[in-house]
Every structure is written in C-alpha cells, then in structure tokens.
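Asker: Provide a 3D model corresponding to the input given below.
(2 chains)
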There are 2 protein chains.
Amino acid sequence: MLKFEIVHVDSKTGARAGLIRNRGLVAQTPAFMTVGTQGTVKAISPRDLKEAGVEIVLANTYHLYLRPGAEIIAKAGGLAKFMSWEGLTLTDSGGFQIFSMADLTRIEREGVTFRSHLDGSLHFLSPEQVIEIQGKIGADIIMVLDECTGYPLSFERARRSADLTVEWARRSRKRFDGLDLGAKQGIFGIVQGSTYESLRRRCAEELIEIGFDGYAIGGLSVGEPKAAMFEMLAVTAEVLPWEQPRYLMGVGFPEDIVESVARGIDMFDCVMPTRNARNGSLFTSRGKVVVKNAIYAEDFRPVDPECDCYTCRTFSRAYLRHLFNAGELLAPYLATLHNVTFFQRVMREMRQAIMEDRFSEWRETFLSKVSSEEK
Amino acid sequence: MLKFEIVHVDSKTGARAGLIRNRGLVAQTPAFMTVGTQGTVKAISPRDLKEAGVEIVLANTYHLYLRPGAEIIAKAGGLAKFMSWEGLTLTDSGGFQIFSMADLTRIEREGVTFRSHLDGSLHFLSPEQVIEIQGKIGADIIMVLDECTGYPLSFERARRSADLTVEWARRSRKRFDGLDLGAKQGIFGIVQGSTYESLRRRCAEELIEIGFDGYAIGGLSVGEPKAAMFEMLAVTAEVLPWEQPRYLMGVGFPEDIVESVARGIDMFDCVMPTRNARNGSLFTSRGKVVVKNAIYAEDFRPVDPECDCYTCRTFSRAYLRHLFNAGELLAPYLATLHNVTFFQRVMREMRQAIMEDRFSEWRETFLSKVSSEEK
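Answerer: Predicted coordinates:
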C-alpha cells in the first residue's frame, strides 16, 4: 500500500522532506521522477538510473497502451518487472499525450476519442478504462484522466474543464476501488483550473472530498507567466491536505523545481534532463554546457568538474563534442547519464538542506550558480 | 614496445594461444578486436567493453583523420586516452574506407587522392602520411596503407596491386623508423594477392623481408568462395614467421573465425557483432535471434539463457522486442552489449580449448551449435 511520510519541514519556508513507500521500495522527496515514456528512460539502462540516484521513474500510459499494450506488461509482471527497474514507478493517465500527440477527434463526458499517432487507428478511452489500463500496467502510483488545457484560457472554458476533470476523477476513483487496486497501487487526483485562483481552490476541494492518495497540479508550465504559475501553486498547496504528497506535473527547470519546493511541492517530472541531453545540452553546477559547440573542440576538462557521474569522471568535453558531431550513440548515453545524475544531485542536496533547516540559504546559492552560463 | 608471445599451440591443428603486450597492457589471442570506427564502439561505453571482456579495440584512421582530426587526438594523449579506453588499440590504415566510402579520384604510386564522404573536400594521402597520422593517433598497432581490391580480380591486376602494396609497405616502414615510432607502437604489413597462391606467397615473402611486427591478411572475405579464403589463409600462414602475430582483416562470422584459428590466425576484426546488434540480430549459443520478430512479443526468457551479460541477466526478449519496435536507444545498447560479450566469450572458450589441447573437439561442438537457428 502506498505510504507517504513527512520527515522534516524547513522552518523558514515550509519546504518538506518526505518518503514515498510501496512494495518495500522507497523514494525520498522532494523527488524528481525521471521520464521513461515507453517503459525505458531514453538512452540509459536501469543500472545507470540506480547509479544516478533515481528512485522513481514515470512512464506514459498512452504510449504503453498503444505499444506494447497493457496485456503484455501485465504478463511480464507489471511495468517495473517488464523494464527490470528495481524502484518505484508512476504512470500518467495518458491525457497529456492524447491531447498533444494523438489526433484528438472528440472529448465527451463519457471519455475521449482519438487516433493513434503511430498508425492512425481509432481509440476511445473513458476515465474508467484509463484506470483499468493502469491497473494492468501496475505502476506504484497511477493518475486519473484529466482534460489538459493550454494557456490562455477563458474563465468559462477553464471552469467547464475543471468540472469535467472533477467528474472524471470521481468516476476514476470509483473504478479504482471497484477493481480493488488500492492494495498495490496509489491513485492521485489532478487539480486543474488554469490561472484562476477560485477555480484552482474549488477543484482542489472537490478532489479532496473524493479523496486520493496524493494530488497533482496540472495545467501549469504551459505558457503562463512564471509569477502566475507560482501563485497558482501557492494557492493550491494551501488547500491540499498537509500529510499527502503534492506533485507538480511537467516541471522542469531546476530553478523552478527549487521555487516550487519552497511552496510545498514534493514531486516533479519533466523530459528536460533526458531530452536536452540528447541534443547535447548539459546541465552543470555552473550553468549550461552546449557540448557540440566549437569552443569545446580542444577542451579536455570534464563537462562538470563538480560532478561525480561516470561521464564526468571519465570523458572530456572534447570527446563528447566529437561523439555528438559524429552522430555516435555513445553521445546521448553519456549526456543522459550526466543530466539525470545532475538532477538527482540537486534533489538530494535540496533535501539535505531542508533536513538541516538551511533550505533558504541553499536555494540562494544554487540559484546564483545556475543562472550563469558556463564558459 | 609491442611484444607477441605464443603461450600454447594446439597439438592437432596448430591453433595458437598467445599474448600481445604494449604499454603494460595485454590482449589474449586468438583475439577478436571490437570495432570502434570513430573512436567509440557504437552504442556502448568503455566500461561496458571491459565488462564484455574486450581487450583490444580497432579504430579507423580514415574516419579519425577527417573527424576530429589526428591533432586533437594527439593533444588528448592519443586514441586510448581520448576515448578513455584502458586497453590496447589498433588503427587500420584507412585504405579500406578510402576505397569503399570516399569518392576515390586517383590511385598513383605516390598515394591516393579522394573526396571526404562527409563534406566532399579533396584529400591526398601518401603511405608515409598515413603513418604520420597513425603516429599522432597513437594506437598500439598501426597498419600500412594497402590497395584494397575486390573479387574477382584478374591475375595481372592482382599482381600489380600486390606489387604496389609491397612498395607502399616499404615506404611505410621507412617513415615509421624515421619517426622512431617503434618504441611506442607496432606496425603490421598487409598481405594481398587476391585468390592467387603464388601472389599471396610472394607478397608475404617480400613483406617479411622488409620486416614488420605482425602480418595482416587483407583482401579476403570480399566475395570469394569460402574454400578459396581458407586456402589463401593456409598458404599465407605457412610463409609467415611463426613467432609473429597474424591478423585476418574483416572476418567475421564466429564459424569463420574458428576455422581461421585452426589455420594459425591470431587476430580478427569485424563490424558484425556491433552492426548486427543495432539491427536487432543477436548471436546466441544456439544460433541467431532476430529479436524484433513477432514470435518474441510474449517471450519472457533472456536472449541467450547461457549468457551472463547484463542484457541476458536482466531483460527478456519481449522487452528487447518492445525497445526495438519503439525505436528506443536502449535497444542498440543492450543488443550491442550482448553481441560483443558473445564474441568475447567464444574467443575465451576457444583459447581455453587450445590451452588444454582440445580445440578440435571444442570446434566441432561449437560449429554444430551455432549452425542451428534458435526458435
């Protein structure tokens, strides 16, 4: 059974250090969940993930539903076994992908109809079916189907969307209970409401009334000003039950993660470390290194001298540049390993700072370092 | 200084078990050199190579000369340091690539003129320059520039080509000595002569007169019948100095390697394990597994139950099939790791059989196993 425990709260900010547990496994929070869209974190192996300090991986229900299919994953013993990942897992509902990747043909109260981005085949999924699929995939944490909207959005449109999301959440919870999935999996609701304080608050309250194991905040980091994002975060976090985990979906930049932790968020996910790595963009303790650049052609220093990952312990910028220029498969491997390690180290250091009541000082130092561009 | 030592000779066949040493490093022979064309074995890291049992890696002078350039590799401290490979290295002369990949514009006694396959730029390389470049790249073993010809070839054409190869070898040796590269690197000549016994023998004798640290056999496995290849091998091996290493270039299939070892060959290289891996074709102790095939969709067994590589210890065929189908980067990584491990294990087992005077029995068992197709 999914358990969340708050271990310490930073006295100045309210930033929380906690633990998520299931199946005898544990993930420390604040947690950055590394994205493994199709049941694999692109370019690196489960043992690399462990080495990088990853404790929880997120996979996408939309992708896994289409390929290889939930049945095969169930037969393999669930997602973690299928991908040989000895850590916690979370599946999103697939909503975001249906709304962004698939050819969406219809949203109705009953559910969504869409065409696969792979072969154009037509699919209908109700919120209930999304729970059934995630039950088969068997991740430790599953998400309700929500309507994903963009920015800007009229109040009226945002209100209707938040209402639909709540209705779907209620039906999802019911199916989750009906299938008795709670012994093995936890279920999170998703707060919508765009940039409207009153909608966010109401949506959160209604979800809490239904009752979930945790609450995600969706529909942010979709183009709205940063200030609006942080305001919505603060408003929502205020309403959410203190003792349950809070998950900000799709964020993101290390500096945004730090600011969100300061506002009481516990969980994050984003493709940024892995996707940027594949483009040769590396996060370092002194800012970004775009390792393909010509200035690194004869730079025999490691990517990040402060990093202890295999890539930084072993290879030079000049070599990585060569690998990227030559289109070699080792390039995304080494870059991903570094970026994933970097994100996990930021989370670990941040947690340590919370534990020692010096989060504010740590945050200040961190933000001043990452804002500079490495030369 | 490059050293070769024969440790044991199989009493029935003359198959040899030996050791190649340089820079305090050692590679056991018979050795399969894993190909790292551009200064990286495609898809896997140096620590994966070590784990797979690789002791010597081959890189391509043509590719490294064009990108990143020999100067950068020299500044990095040589090829092994540049790619962070703690093992032996060999560079081919680039001849094969110039003749097969580049737009070859002219072959003269002086050297070859060609256009880069990367940007169409015009280059001229003499045999001497090829030695200078390989001196900068700094591999433990370097190869003379030879003319690479196809099959079939008229006797007259083969004779002229072998003569040119010998002339180039003489000039290469002279420049190698002039630059005093011998303290750090060994140099191999390459026997040509197509499928003509007399030419092969004469070419070998002339090269031996010049004197090299080892002798490669080139221009085989280019379309000639298998019988012709093994005949040329036997003829050439007979002439070559017993106490020096013999390298059959570009071979190949495990069964051909075994047959060539039986004829006194010590070293091999081929892109087959790495290239086939990237296409999802896996070598196993029971024959080939084309893991993309639909029959593996729900096959939760490892690729090769007899293999102890990370891939086989950890993942199922069903998962590998999913990775290949989904175009995931983890697919070539795991497949390459397996195939490279498989080839090294074959070499290790073969060597052990030679050491224990049971090579013939081992060879028979091995050949009967690999000839079947895994179901």
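
Asker: Please see if the helix ranked longest in chain A touches chain B.
Answerer: Across chain A, the helix with the greatest residue count (assigned by DSSP state H) is helix A:330-355. Yes - using Cβ under 8 Å from any Cβ of the partner chain, helix A:330-355 reaches chain B at A:330, A:332-334. For glycine as for every other residue, the C-beta is placed from the backbone atoms N, C-alpha and C.

Asker: Quick one: mean pLDDT over that helix.
Answerer: Summarised as a single mean, pLDDT over helix A:330-355 is 98.

Asker: quick check: angle from it to helix B:330-355?
Answerer: Using axes from the mean of the first three to the mean of the last three Cα atoms, to 10 degrees, the inter-axis angle of helix A:330-355 relative to helix B:330-355 is 110 degrees.

Asker: looking at it, A:Cys148 is touching A:Phe99, isn't it?
Answerer: Yes - under the criterion of Cβ atoms under 8 Å, A:Cys148 makes contact with A:Phe99 at 4.3 Å.

Asker: neighbour-wise, which of those two wins?
Answerer: Each of A:Cys148 and A:Phe99 has its neighbours counted (other Cβ atoms under 10 Å in any protein chain shown); A:Cys148 has more, 21 against 18.

Asker: Tell me which helix or strand that one sits in.
Answerer: Assigned by DSSP states H and E, A:Cys148 belongs to neither a helix nor a strand.

Asker: And A:Thr165, by the same measure?
Answerer: Going by DSSP H and E, A:Thr165 is in helix A:155-178.

Asker: likewise A:Arg47?
Answerer: helix A:46-52.

Asker: what packs against that helix?
Answerer: When contacts are defined as 3 or more Cβ pairs under 8 Å, 6 or more residues apart in numbering or on different chains; DSSP states H and E, helix A:46-52 packs onto helix A:330-355, helix B:310-314.

Asker: Need the CA coordinates for that helix. PDB is fine.
Answerer: Coordinates of the C-alpha atoms in helix A:46-52 are reproduced here as PDB (Å, rounded to 0.1, in the frame of the first residue of the first chain):
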ATOM      1  CA  PRO A  46      18.100   0.700 -15.200                       C
ATOM      2  CA  ARG A  47      21.500   0.100 -13.600                       C
ATOM      3  CA  ASP A  48      22.600   3.600 -14.900                       C
ATOM      4  CA  LEU A  49      19.400   5.000 -13.300                       C
ATOM      5  CA  LYS A  50      20.300   3.400  -9.900                       C
ATOM      6  CA  GLU A  51      23.800   4.800 -10.200                       C
ATOM      7  CA  ALA A  52      22.400   8.200 -11.000                       C
END
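
Asker: buried ones in it?
Answerer: Buried positions in helix A:46-52, judged by neighbour count with 16 or more other Cβ atoms under 10 Å in any protein chain shown: A:46, A:48-49, A:51-52.

Asker: Can you tell me which of those comes closest to chain B?
Answerer: A:Pro46 (7.2 Å; Cβ to the nearest Cβ).

Asker: Hmm, that closest one is touching B:Thr314, no?
Answerer: Yes - A:Pro46 is within contact range of B:Thr314, at 7.2 Å (criterion: Cβ under 8 Å).

Asker: Secondary structure of A:Ala59: a helix, I assume?
Answerer: No - going by DSSP: H, G, I helix; E, B strand; the rest coil, the assignment for A:Ala59 is strand, not a helix.

Asker: give me every residue that touches it.
Answerer: Contacts for A:Ala59 (Cβ atoms under 8 Å, 6 or more residues apart in numbering or on different chains) come out as A:35-39, A:79, A:83, A:89-92, A:137, A:139.

Asker: Also A:Arg106?
Answerer: By Cβ under 8 Å, 6+ apart, the residues touching A:Arg106 are A:112-113.

Asker: do you know how far A:Lys3 is from A:Gly214?
Answerer: Noted for A:Lys3: a distance of 11 Å to A:Gly214, by Cβ to Cβ, to the nearest Å.

Asker: taking the mean pLDDT, what do you get for stretch A:274-293?
Answerer: 96.

Asker: which parts of that stretch are buried?
Answerer: Buried, per 16+ other Cβ under 10 Å, within stretch A:274-293: A:274, A:276-278, A:280-284, A:289-292.

Asker: Show me the contact partners of the helix holding A:Arg47.
Answerer: With Cβ under 8 Å, 6+ apart, helix A:46-52 has contacts from A:34, A:41, A:44, A:57, A:83-87, A:309-310, A:337, A:340-341, A:344, B:310, B:314.

Asker: Quick one, which of the residues you listed are buried?
Answerer: A:34, A:41, A:44, A:57, A:83-85, A:87, A:309-310, A:337, A:340-341, A:344, B:310.

Asker: How many residues are close by A:Ser154?
Answerer: 10.

Asker: wait, I meant A:Glu306
Answerer: Neighbours around A:Glu306, by other Cβ under 10 Å: 12.

Asker: any idea how far it lies from A:Arg345?
Answerer: Distance from A:Glu306 to A:Arg345, by Cβ to Cβ: 9 Å.

Asker: before we move on, back to that, any chance of a markdown table for the buried residues of helix A:46-52, columns pLDDT and distance to A:Pro152?
Answerer: Shown next, in a markdown table, are these (pLDDT from 0 to 100; distance: Cβ to Cβ, whole Å):
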| residue | pLDDT | distance to A:Pro152 |
| --- | --- | --- |
| A:Pro46 | 98 | 41 |
| A:Asp48 | 98 | 40 |
| A:Leu49 | 98 | 37 |
| A:Glu51 | 98 | 42 |
| A:Ala52 | 98 | 37 |
